[in-house]
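**Student:** need a 3D model of the following:
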Amino acid sequence: MAAAAEPGGRPVKRSRSLEFLPPDMSELRIVLLGSSWSQRNSVEKSILDNNNFNTEPLSCTRNTSRFRNKHVTVINTPELLSPTQDKLNEFLKYCARVSYPGPHVFLLVLHPEDFNEDHKEKFCRILETYNDQSFDRCLILVTPREKSSGLRETHMENKTLKEMIRKCRYRHLKMSDIKRAELLTRLGQVAKENNGERLTYEVIEETTSPVSSSSAATIRKFNDTDGKEVKLGDLIQIFCRVYQDWAVYVGDGDVVTFFPNGSVTGVVVKHKLEHVVEKWRVNNRLDHKYPPRPANDIVKEACSLVDTEMQWDLYTYNEEHFATDMRYGKPESQQPSLLHDGVTLIKIQRFRSADVVPAPLW
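**Tutor:** Coordinates of the predicted model:
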C-alpha cells in the first residue's frame, strides 16, 4: 500500500495511537462521493454494518451507527453529472447542512476501469469548491467491477486515477483488500492526521443570513408550564405518555424536532409550539457541561435540516440526541438509561415502528 504524503511529496507522519479517534471526538462524519450509486451504497452498508439502504437518494442522506463506542455518520450524495457552478454550489450547500457541523473525511469510491479526465475534473471541482483543504481529508477507495488478481496493476496503469491519488496525498485502499474495521480505522487515521478538525463549506456562512436581533425582538413570547419564557435556541422537553420528546425552539412559535418515520429512519420536522397539549418546559440541561452555540447558529442549522431524513435509533440518535446536537454540537441522550421498564420500552418501540411519520404527541 502506498504511503500517504504531504503536498510536497514528503510522507505524512502517521499517528501510532491505537485509539480509533482522538479522545475528544465523539463522532466521525464521512462524506461519500463517487460515480456509481451501487458502489457507494455497498460502501455505506459496510461502514455502518447495516443493509437497510437500498434506494438511490435524490439528495444527500445522513445515517449513523457506532464503532468502538464512537458515532460513525455517513453522508451519501447523489450523482452530480456535469454540474453548472450554480448547481454545484447548491449541491455543496445542502451537503454542508446535512453533514453539519462539518465532515472529517471525504471518501471517494472510484472504478479503476473507467475513471477518466472528466471524472477527475468533476471531483476536483467539488473538493476545491467545498474547502481548499479538502484534499488533505480525502481517502480514495478503489473498487473493481470484477474480482481480478491483476487489479493492482490495472488501477496503477490508469494515469488519471494515479493523478487523483496523488492529489489526495496518496491515501488509497482497494475494496477487495479490506474489511469494515480496517476501513474505519483508516478513515479515523485521516481524521487524526488533521487533529480531528472538521471541514466547513467556505461559502455557506457568506450566503446564509443569520436571524437578526431586530427580527428576534418582534417574536411572540411563549412561557413554559413553569412560567419560564422560551428563547431562541432553547431545548424544549415535552412530557408525553411513555416517552419524553425533545425539540429546539427556533422562534415565532416554532419548534424543530426529529421524528421517526420507520423502524430505522426519522425525519426532521417543524411544528407550532402552541399546539403542545402535554406539559412542556425549557430544559437546557447540559449548559453546565457544554457551552451552548450562538442562538442564531442553532436556529439556522435546525431550520436548514427540516425535511431531512436520517437514521433514527433509540440508543444512538433519537429526538434528544438531535436536540442536544443542535444546541451544543454534542449528541447526548438520557432516554436509554431511563428506560429500565421493559414494558415501557416495548410500547415505545411499537409506537416508533410506524411506517409513516406519527402524529405529534402534542
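**Student:** next, count neighbours for the nearest residue to S36 once chain neighbours are set aside.
**Tutor:** Of all residues not flanking S36 in the chain, H111 sits nearest, at 6.4 Å (C-beta to C-beta, 6 or more residues apart in numbering). Backbone N, C-alpha and C define where each C-beta goes, glycine included. Neighbour count for H111, taken as other C-beta atoms under 10 Å: 18.
**Student:** so H111 sits against R40, correct?
**Tutor:** No: in this structure H111 lies outside contact range of R40 using C-beta atoms under 8 Å: 11.3 Å.
**Student:** dump the C-alpha coordinates for stretch 118-137 into CSV.
**Tutor:** The C-alpha trace of stretch 118-137 is given here as CSV (Å, rounded to 0.1, in the frame of the first residue of the first chain):
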residue,chain,number,x,y,z
ASP,A,118,-13.9,14.2,-16.8
HIS,A,119,-14.5,12.3,-13.6
LYS,A,120,-11.3,13.7,-12.1
GLU,A,121,-12.2,17.3,-13.1
LYS,A,122,-15.7,16.9,-11.6
PHE,A,123,-14.4,15.6,-8.2
CYS,A,124,-11.7,18.1,-8.1
ARG,A,125,-14.2,20.9,-8.6
ILE,A,126,-16.4,19.5,-5.8
LEU,A,127,-13.5,19.3,-3.4
GLU,A,128,-11.8,22.6,-4.3
THR,A,129,-15.1,24.5,-4.1
TYR,A,130,-16.0,23.0,-0.7
ASN,A,131,-12.8,23.9,1.0
ASP,A,132,-9.2,24.5,-0.1
GLN,A,133,-8.1,21.9,2.5
SER,A,134,-10.4,19.1,1.2
PHE,A,135,-7.7,17.1,-0.5
ASP,A,136,-6.0,16.8,3.0
ARG,A,137,-9.1,15.0,4.2
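**Student:** starting at the chain centroid, how far to that stretch?
**Tutor:** Stretch 118-137 sits 19 Å away from the centroid of its parent chain (C-alpha atoms, centre = their mean, to the nearest Å).
**Student:** and the contacts of that stretch?
**Tutor:** With C-beta atoms under 8 Å, 6 or more residues apart in numbering as the test, stretch 118-137 has contacts from 33, 35, 80, 82-83, 88-89, 91-92, 95-96, 103-106, 108, 110, 138, 160-161, 163-164, 167-169, 190-191, 194, 199-203.
**Student:** go with 6 Å
**Tutor:** Outside stretch 118-137, the residues within contact range by C-beta atoms under 6 Å, 6 or more residues apart in numbering are 35, 88, 92, 105-106, 160, 164, 167-168, 199, 201-202.
**Student:** and the closest residue in space to P22 that isn't next to it in sequence, which of the three is it?
**Tutor:** Nearest residue to P22, sequence neighbours excluded (C-beta to C-beta, 6+ apart): G196, at 4.5 Å. Of the three states, G196 takes coil under DSSP: H, G, I helix; E, B strand; the rest coil.
**Student:** just give me the neighbour total for G196.
**Tutor:** By other C-beta under 10 Å, 15 other residues sit near G196.
**Student:** any idea how far it lies from L187?
**Tutor:** As judged by C-beta to C-beta, to the nearest Å, G196 and L187 stand 12 Å apart.
**Student:** tell me the centre residue of this structure?
**Tutor:** By C-alpha atoms, centre = their mean, the chain has its centre lying nearest to S99, at 3.8 Å.
**Student:** residues contacting it?
**Tutor:** S99 neighbours (C-beta under 6 Å, 6+ apart): 29, 31, 75.
**Student:** could you point out which of those is nearest to R285?
**Tutor:** Distance to R285 across those (C-beta to C-beta) is lowest for R29, with 24.5 Å.
**Student:** who are the contact partners of the closest one?
**Tutor:** 73, 99, 103-104.
**Student:** equivalent analysis for L80, please.
**Tutor:** With contacts defined as C-beta under 6 Å, 6+ apart, the neighbours of L80 are F91.
**Student:** for it, give me the pLDDT.
**Tutor:** Predicted confidence (pLDDT) for L80: 76.
**Student:** go on, D252?
**Tutor:** pLDDT, D252: 80.
**Student:** go on, D245?
**Tutor:** With respect to pLDDT, D245 has a value of 82.
**Student:** burial of it, as a residue count?
**Tutor:** For D245, the count of nearby residues is 24 (other C-beta under 10 Å).
**Student:** helix or strand with the lowest mean pLDDT in this structure?
**Tutor:** Ranking every helix and strand in the chain by mean pLDDT, DSSP states H and E puts helix 213-217 at the bottom, with a mean of 35.
**Student:** if you count neighbours, what's buried in the next helix or strand after that helix?
**Tutor:** Using DSSP states H and E, the next helix or strand after helix 213-217 towards the C-terminus is strand 235-239. Under the neighbour-count criterion of 16 or more other C-beta atoms under 10 Å, strand 235-239 has 235-238 buried.
**Student:** and the strands in the stretch 51-200 of the chain?
**Tutor:** For the stretch 51-200 of the chain, applying DSSP state E, counting those that start in this stretch gives strands covering 61-67, 70-76, 105-110, 138-142, 172-174.
**Student:** tell me which other helices or strands the shortest one touches.
**Tutor:** In this case it means strand 172-174. Under the contact definition 3 or more C-beta pairs under 6 Å, 6 or more residues apart in numbering; DSSP states H and E, strand 172-174 sits against strand 138-142.
**Student:** so how far is the strand it packs on from its chain's centroid?
**Tutor:** Using C-alpha atoms, centre = their mean, the offset of strand 138-142 from its chain centre is 19 Å.
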